[in-house]
Every structure is written in C-alpha cells, then in structure tokens.
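> Predicted coordinates and the sequence they were generated for:
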Amino acid sequence: MEKISEAEREAIISQAKSAVNDEPIDWFDQLYGMANRDSAIIPWARMTPNPIMMDWVEKNCHNGKALIIGCGLGDDAIGLENIGFNVTAFDISQHCIDWCKERFPNSTVEWLVGDILEPNEEWYGNFDLIIEIHILQAIPDGGIREQAAEQMPKLLAKNGKMLCIGRLDDGLQTIQPPPWPLKQTWLERSFAMLDCLEFTPFKNNDSPDVARYYGAWQNVS
C-alpha cells in the first residue's frame, strides 16, 4: 500500500470530523471507511494493546467475560483474550469490525457492530469486566454522552469492574474537538451508582502537555 503524506492524512481526518455536526457518532464509520485499511489514518490506532489497560487488568481482575466498548482495530480485545478473558468487542462502525475480523481471523473474540446507546438485551448484567478507552470523550456533550455513560454500569455483573481511560479536562487545555476531554466530577457523577476503586490522572511521555486519566469502578450491588 502506498504511504500517504501527513497532509493527506490530516485532510481525511478533517473530512470525517466534519460529519460530527450532523452525525455525532457516525463520523467514526466514515473515517474507518476512508482509511482504506491504512491504520496510520486512524489517530487512536496503537496497533498494540493499551499498556495501562493491560497492567491494571492483570493486577486487579480474574478471567471472565469482558466487553470492549468501541473496540477500534481490536488490539485491546486481543490483549484480553491472550490473558484468558472471554471477550465481546463491538464498534459502531461496520468498516471497523470487518477490519478486525481480517486482522485476527483465528481469534475467539466475538466481533460485533453495536451501539452503546442501544446495547444488546443479553448484555445487561452480563460482564465481569468492561473496558472504555477514548469513547466517551469522542461523543459530544448535550445528552448523547450522558446516555452512553448511563448504559455502561447496567452491563456489569455483580462485582464486575469497569475501567475507563481518556483525556482529562483539567481546565488548562484548549483543543479543537473531537475529542472533548472529560471532567473528573462528570465521571464521578455519571458512575455514582458504582464504587470508585481509583481515579488516577497521568500524562504520556509522547504527549506531556495532554492531561489524561484512568478510572476504575465496581458494581457491588
């Protein structure tokens, strides 16, 4: 595949983002489609499992049923599969899910097209672990993000744990959205029905000016 220039990459991303005004979630599918299987065009594609996720899960969770919300190109799902989880991974983008299946044809992960605003009925109360990385921050404020956050705790089994990773709104940053960094108070309020296990701000070495967080909650009811 011929390598595209940085200018071409930015133009594709900008074109997909322009759909946010009319379709605040569907722009993901547009970007995956325009990428034409070039992962360099997908800004969040690490092509390896998220190291913070892997470290936290290995220290705090036992094997069980895991759900990846907005699975992207599938590396996080494969990471959990490799340490013994039974993984369901979904994304709103059909292009994305097809790409995952092509990348990992021998995986036992259940790859599905889905929408966190309308989860499958059998998912409610069914998962020992839920992973959300950079998804809530990619949904604009104004009701839709709140609806997504409201659904997530309902999918946890008793004593199930949820790990969220994203950009933190610390009041010191200005960026052109998406994404929309999240306030700690918003996250705590959204998941108040769960027990907060930890909330940790951090910064990556490759982007030291960007405030980030990981937070973990548990359903003890």
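Received the coordinates, thanks. Numbering: from 1, shown residues only.
> measure residue 117 to residue 177 for me?
19 Å (Cβ to Cβ, to the nearest Å). To be clear about C-beta, it is placed using only N, CA and C from the backbone, and glycine gets the same treatment.
> Distance of the residue nearest to the spatial centre of the chain relative to residue 173?
Nearest residue to the geometric centre of the chain (Cα atoms, centre = their mean): residue 133, 3.2 Å. Going from residue 133 to residue 173 by Cβ to Cβ gives 19 Å.
> And for residue 188?
20 Å.
> re earlier: for the residue nearest to the centre of the chain, list the residues it contacts.
Residue 133 makes contact with 50, 53, 70, 76, 164, 165, 166, according to Cβ atoms under 8 Å, 6 or more residues apart in numbering.
> could you flag which of those residues are buried?
Among the contacts of residue 133, those buried by neighbour count (16 or more other Cβ atoms under 10 Å) are 50, 53, 70, 76, 164, 165, 166.
> Tell me the helix or strand right after the helix or strand the last one falls within.
In this case it means residue 166. Residue 166 belongs to strand 156-167 when assigned by DSSP states H and E. Remark: after strand 156-167, the chain's next helix or strand is helix 184-190, criterion DSSP H and E.
> Tell me which other helices or strands that following helix touches.
helix 144-151, strand 195-204, strand 207-218 (3 or more Cβ pairs under 8 Å, 6 or more residues apart in numbering; DSSP states H and E).
> Toward the C-terminus from the helix or strand bottoming out on mean pLDDT in the chain, list the very next helix or strand.
One helix or strand of the chain scores below all others by mean pLDDT, DSSP states H and E: helix 6-17, with a mean of 57. Using DSSP H and E, the next helix or strand after helix 6-17 towards the C-terminus is helix 27-35.
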